[in-house]
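**Student:** Sequence first, predicted model second:
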Amino acid sequence: MTVPYYVEEPLTWKQVKVPYDIVQYCDAFNPTVDREDLQYIDCVWMHMGYYGVPTHIMKAVREEWNPNIIPVFE
């Protein structure tokens, strides 16, 4: 279980919870950037559909990207 990540949405500036698959994807593609940085928030907003790209398309992009996840405990 991971700590939930919240970001302000660009329309109303209310805090919204970011789905874990988006956090995982943006962490992998922005490894040197803090989560408070605009580059990271931009990745989150794009994958949450705020830029006009349908969310099902962005979900397909995340599903196509499939990192090798090695379990720590089995």
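**Tutor:** Looks like it came in fine.
**Student:** From now on I want contacts and neighbour counts done on CA atoms only, so please keep to that.
**Tutor:** OK.
**Student:** can you map out the strands along this structure?
**Tutor:** Using DSSP state E, the strands of the chain run over 5-8, 15-18.
**Student:** Look up how far Y40 lies from A28.
**Tutor:** Between A28 and Y40 the computed distance is 10 Å (Cα to Cα, to the nearest Å).
**Student:** So for those two, which sits in the more crowded spot?
**Tutor:** Y40 (20 against 11; other Cα atoms under 10 Å).
**Student:** Of all residues in the protein, which one is nearest the centre?
**Tutor:** Per Cα atoms, centre = their mean, the C-alpha nearest to the average position across the chain is that of I22, at 2.6 Å.
**Student:** surely that residue meets H47?
**Tutor:** Yes - in this structure I22 lies within contact range of H47 using Cα atoms under 8 Å: 6.6 Å.
**Student:** hang on, the earlier thing: for the strands of the chain, could you give me CSV that also reports distance to D34, mean pLDDT and mean neighbour count?
**Tutor:** As requested, these are exported to CSV (distance: least, Cα to Cα, whole Å; pLDDT from 0 to 100; neighbours: other Cα atoms under 10 Å):
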stretch, distance to D34, mean pLDDT, mean neighbour count
strand 5-8, 13, 93, 14
strand 15-18, 16, 94, 13
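**Student:** how close does the residue nearest to the centre of the chain sit to K14?
**Tutor:** As judged by Cα to Cα, I22 and K14 stand 18 Å apart.
**Student:** ditto for N30
**Tutor:** Taking Cα to Cα, one finds N30 at 24 Å from K14.
**Student:** And T55, how close does it get to M46?
**Tutor:** 9 Å.
**Student:** Over to E8?
**Tutor:** Distance, E8 to M46, by Cα to Cα: 13 Å.
**Student:** V16 too?
**Tutor:** Distance of V16 to M46, given as Cα to Cα: 14 Å.
**Student:** thinking again about what came up before, right, so of the strands of the chain, which gets closest to E36?
**Tutor:** strand 5-8 (8.8 Å; Cα to Cα).
**Student:** What is that closest one packed up against?
**Tutor:** For strand 5-8, the elements it packs on are strand 15-18, judged by 3 or more Cα pairs under 8 Å, 6 or more residues apart in numbering; DSSP states H and E.
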